[in-house]
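*Asks:* A structural model of the following input is requested.
(one chain, ligands or ions: 2)
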Amino acid sequence: MSTNAPTKNAALLGWVDEMAKLAKPDRIHWCDGSEAEKKSLLEQAVAQKVLIPLDQKKWPGCYFHHSNVNDVARVEHLTFICTPTKEQAGPTNNWMEPKEAYRKLGAIYDGAMKGRTMYVVPYIMGPADSPFSKVGIELTDSIYVALNMGIMTRMGKVALDRLGTSTEFNRGMHSVADSSPDRRFICHFPQDNTIWSVGSGYGGNALLGKKCLALRIASYLAKNEGWLAEHMLILEAESPEGEVSYVAAAFPSACGKTNFAMLIPPKTFDGWSIRTVGDDIAWMRVGDGGQLWAVNPEAGYFGVVPGTNYKTNPNAMKSIERDTLFTNVARTADGDVWWEGKDNEAPAELIDWKGAPWKKGSTDKAAHPNSRFTAPMANNPALSRFAHDPKGVPISALIFGGRRSTTMPLVLQSFNWTHGVYLASTMGSETTAAAQGLKEGVRRDPMAMLPFIGYDAGSYFQHWLDMQSRIPNPPKMFMVNWFRKGADGKFIWPGYGENMRALKWILDRSHNRVGAQETVVGYVPRAQDFNTNGLDIKAEALATAMKVDLAEWQEEIESQKEWFDKLGPTLPRPLSLQRELLLERVKAARNVK
Ligand code: SAT
Ligand code: MN
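*Replies:* Ligands and ions are numbered 1, 2, ... in the order given. Predicted structure coming up:
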């Protein structure tokens, strides 16, 4: 078997050899991350019809990929945490006994790479010279995955150099095998720092650095090491006076993290700039000044395409103008791409995401609702100059936001850390297309981490509570909701750039500059502190977006009991007491005439 191993790391060579003996590829290619290698992999992917080049004049360096039609999103029901005991995985994760998982997936891997190339993809999550960063090695038989990892991570020689002879690296094994949903499993072994994924070539199931390592495995490491690995964007806000602040914000998949991280302020916020540090994941540690410092472990964006246009997110549009991979969008015969919510209307005829002819006016979606772009973050015109800073950036506020048509006001500040952890741990959100096979409706998605907590959820909440005494100068905590609907079933708040208005209040509160209205459930903006200049929304509608409706809250808090009961004995008592106290306060307030 041919190989080009460029390392003397015995542990790494031994493991690659062991996996190659199992999967039996014809060739092994060690990725070096060079431009020449990227060019050659792109050529091979085109020759294999894995990628289709777009019109290179319009879309330089851009390619189209369509996944298997049964393989278009994360699969939470096939995702497992394989800890020695079921209790360690907790009630919110699927659990498989580690030996059983290795046996089951080992049987599928056996010979799965015959006739194929096994790519050895060394990568770093985090800046190459940061103490925050972690090295992973992904073995994959998907050239598409190898190319995506080249965009999403610091990939190749840089990672082997950082690793040296250390045995401390994440061992990620991935094969698309026969793409059969019956033989699809995403297994995590936190105790072994190992991930085995089989049967899917899609995003979060297959790019192992992202959700698997940077969230599920990292959240476990973070608990043991005293830091936080969170599903959060990181943004930089600079005021006209030159004050620079950073916030980290958690939203479930496909709820606008990329849009918020690339926000363009409305005209009346003249002189304000928002820049992006990260759009999906934050690794946060206590650092200088006793503050929480955050690093974005990724190097690219794997963003939702539909709805992206020059009005909603011009920075994302500029980020995808070149060197971008488009997955499951619609395209034209002459190498252009289209999706629902693009600036221009659909052309008369398209090839839909499945490869079938599509005519304008069809009720079928041309692009899959979870179609994605993979773009290098270097393309982002609003990239923060601290995006690669090994120290990270100091966080002034933590924001949590679900997709809720009712109850949750536009913005709400917690009374304190424990109350903030309680609000985040009970966050509800309506499900989206980012995961396959979920029931429609509201589900509890604590810290937007439900699918990504790599261990027992109650212990994860305890870790959040414990962090308070480790952070002398903690960020303030906020809930936001851009998705509240009116009686007509339409979104009330215009969202996108207008979210700057809520962000401004959050920054002012974080720097102790403005007052607030204290309600039973938390602090909300007073009219005089919330900038509505130039906002095109009726006063009545704004009031509805901001409203704390105690009848809705009572129902909400009562319904959280089921969630807390599910969490079982590791649910921290301060959180259940918060719930009870809040319920009593809401009931009492409702009785005041
Ligand atoms: O497919 S991913 O998991 O990477 C995207 C998402 O669900 O956030
Ligand atoms: Mn995400």
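
*Asks:* What helices and strands are in contact with the longest strand that the chain contains?
*Replies:* The residue-count maximum for a strand in the chain (DSSP state E) belongs to strand 117-125. When contacts are defined as 3 or more C-beta pairs under 8 Å, 6 or more residues apart in numbering; DSSP states H and E, strand 117-125 packs onto helix 10-23, strand 27-30, strand 134-140, helix 143-152, strand 154-155, helix 157-163. Glycine gets a C-beta too; all of them are placed from N, C-alpha and C.

*Asks:* Spell out which parts of the chain neighbour ligand 2.
*Replies:* 253, 280 (C-beta under 5 Å from the ion).

*Asks:* Domain map for the protein?
*Replies:* 10-51+74-225, 229-299+386-549, 301-379 (automatic domain parsing).

*Asks:* Would you convert those domains into a markdown table that also reports mean pLDDT?
*Replies:* Converted to a markdown table, those look like this (pLDDT from 0 to 100):
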| stretch | mean pLDDT |
| --- | --- |
| domain 10-51+74-225 | 98 |
| domain 229-299+386-549 | 96 |
| domain 301-379 | 97 |
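
*Asks:* Would you mind saying which of those domains lies nearest ligand 1?
*Replies:* Across the domains of the chain, ligand 1 has its closest neighbour in domain 10-51+74-225 (2.2 Å, C-beta to the nearest ligand atom).

*Asks:* Check the separation of the first and last residues in that closest one.
*Replies:* Start-to-end span of domain 10-51+74-225 (C-alpha to C-alpha, to the nearest Å) is 26 Å.

*Asks:* now the longest strand of the chain, how far from the centre of its chain.
*Replies:* Strand 117-125 has its C-alpha centroid displaced from the chain centroid by 21 Å (C-alpha atoms, centre = their mean, to the nearest Å).

*Asks:* One more: stretch 330-348?
*Replies:* Relative to the chain's own centre, stretch 330-348 is displaced by 26 Å; criterion: C-alpha atoms, centre = their mean.

*Asks:* ditto for stretch 511-528
*Replies:* That offset, for stretch 511-528, works out to 29 Å (C-alpha atoms, centre = their mean).

*Asks:* quick one: buried residues of that stretch?
*Replies:* Going by neighbour count (16 or more other C-beta atoms under 10 Å), the buried part of stretch 511-528 is 516, 519, 521-525.

*Asks:* picking that back up, got the CA coordinates for the longest strand of the chain in PDB?
*Replies:* What follows is strand 117-125, C-alpha atoms only, in PDB (Å, rounded to 0.1, in the frame of the first residue of the first chain):
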ATOM      1  CA  THR A 117      -7.800   6.300  -0.600                       C
ATOM      2  CA  MET A 118      -7.600   6.900   3.100                       C
ATOM      3  CA  TYR A 119      -6.800  10.600   3.800                       C
ATOM      4  CA  VAL A 120      -4.900  11.300   7.000                       C
ATOM      5  CA  VAL A 121      -6.000  14.800   8.000                       C
ATOM      6  CA  PRO A 122      -4.000  16.400  10.800                       C
ATOM      7  CA  TYR A 123      -5.700  19.500  12.100                       C
ATOM      8  CA  ILE A 124      -5.700  22.000  15.000                       C
ATOM      9  CA  MET A 125      -8.800  23.400  16.500                       C
END
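
*Asks:* JSON lines for the domains of the chain, including distance to residue 569?
*Replies:* Listed next are the domains of the chain as JSON lines, based on distance: least, C-beta to C-beta, whole Å:
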{"stretch": "domain 10-51+74-225", "distance to residue 569": "9"}
{"stretch": "domain 229-299+386-549", "distance to residue 569": "7"}
{"stretch": "domain 301-379", "distance to residue 569": "36"}
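
*Asks:* For residue 575, which of those is the nearest?
*Replies:* domain 229-299+386-549 (5.1 Å; C-beta to C-beta).

*Asks:* ok, residue 353 touching residue 338?
*Replies:* No: because the distance of 10.3 Å does not satisfy C-beta atoms under 8 Å, residue 353 is recorded as not touching residue 338.

*Asks:* the more surrounded of those two?
*Replies:* Shown here are residue 353 and residue 338; by other C-beta atoms under 10 Å, residue 353 has more neighbours (28 against 20).

*Asks:* give me every residue that touches that one.
*Replies:* Counting by C-beta atoms under 8 Å, 6 or more residues apart in numbering, residue 353 makes contact with 66, 328-330, 365-368, 371.

*Asks:* Identify each of the strands in the stretch 451-593 of the chain and give its residue range.
*Replies:* 476-480, 517-518, 523-524 (DSSP state E, counting those that start in this stretch).

*Asks:* Would you mind giving these as a markdown table with distance to residue 52 added?
*Replies:* Formatted as a markdown table, those follow (distance: least, C-beta to C-beta, whole Å):
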| stretch | distance to residue 52 |
| --- | --- |
| strand 476-480 | 39 |
| strand 517-518 | 55 |
| strand 523-524 | 50 |
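
*Asks:* re the thing from before, which of the contacts of residue 353 fall in strands?
*Replies:* residue 330.

*Asks:* Quick one: the contacts of residue 353 as TSV, columns for neighbour count too.
*Replies:* TSV is the format used below for the contacts of residue 353 (neighbours: other C-beta atoms under 10 Å):
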residue	neighbour count
66	22
328	26
329	25
330	27
365	16
366	25
367	26
368	24
371	26
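
*Asks:* follow-up on the earlier one: between residue 353 and residue 338, which contacts overlap?
*Replies:* Joint contacts of residue 353 and residue 338 (C-beta under 8 Å, 6+ apart) are 329-330, 366-367.

*Asks:* Pick the one among the residues you listed closest to residue 494.
*Replies:* For these, the nearest to residue 494 is residue 367 (23.5 Å; C-beta to C-beta).

*Asks:* Return the residues of the stretch 351-500 of the chain in contact with ligand 1.
*Replies:* Within the stretch 351-500 of the chain, the positions lying close to ligand 1 (C-beta under 6 Å from any ligand atom) are residue 434.

*Asks:* Specify the angle between the longest strand of the chain and helix 143-152 in degrees.
*Replies:* Here the directions of strand 117-125 and helix 143-152 differ by 20 degrees (axes from the mean of the first three to the mean of the last three C-alpha atoms, to 10 degrees).

*Asks:* ok so, going back, tell me which two of the shared contacts of residue 353 and residue 338 sit farthest apart.
*Replies:* The widest separation within these (C-beta to C-beta) is 8.1 Å, between 329 and 366.

*Asks:* Quickly list what's touching both of those two.
*Replies:* 338-339, 353.

*Asks:* Now, those residues that are in helices?
*Replies:* Judged by DSSP state H, helices contain none of these.

*Asks:* how about JSON lines for those residues, with distance to residue 273 added?
*Replies:* Shown next, in JSON lines, are the shared contacts of residue 329 and residue 366 (distance: C-beta to C-beta, whole Å):
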{"residue": "338", "distance to residue 273": "31"}
{"residue": "339", "distance to residue 273": "28"}
{"residue": "353", "distance to residue 273": "35"}
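
*Asks:* Just the closest of the residues you listed to ligand 2, please.
*Replies:* Using C-beta to the ion, residue 339 comes nearest to ligand 2 of the shared contacts of residue 329 and residue 366, at 18.7 Å.

*Asks:* Spatially nearest residue to that closest one, not counting backbone neighbours?
*Replies:* residue 367 (3.7 Å; C-beta to C-beta, 6 or more residues apart in numbering).

*Asks:* shouldn't the one you found be in contact with residue 308?
*Replies:* No: counting by C-beta under 8 Å, residue 367 does not reach residue 308; the two are 10.4 Å apart.

*Asks:* Can you pull the residues that touch both of these two?
*Replies:* In contact with both residue 367 and residue 308: residue 339, using C-beta under 8 Å, 6+ apart.

*Asks:* got the angle for the longest strand of the chain vs helix 10-23?
*Replies:* Using the same axes, to 10 degrees, strand 117-125 lies at 140 degrees relative to helix 10-23.

*Asks:* distance of the closest residue to residue 381 other than its chain neighbours from ligand 2?
*Replies:* Nearest residue to residue 381, sequence neighbours excluded (C-beta to C-beta, 6+ apart): residue 318, at 5.1 Å. Separation of residue 318 from ligand 2 (C-beta to the ion, to the nearest Å): 21 Å.
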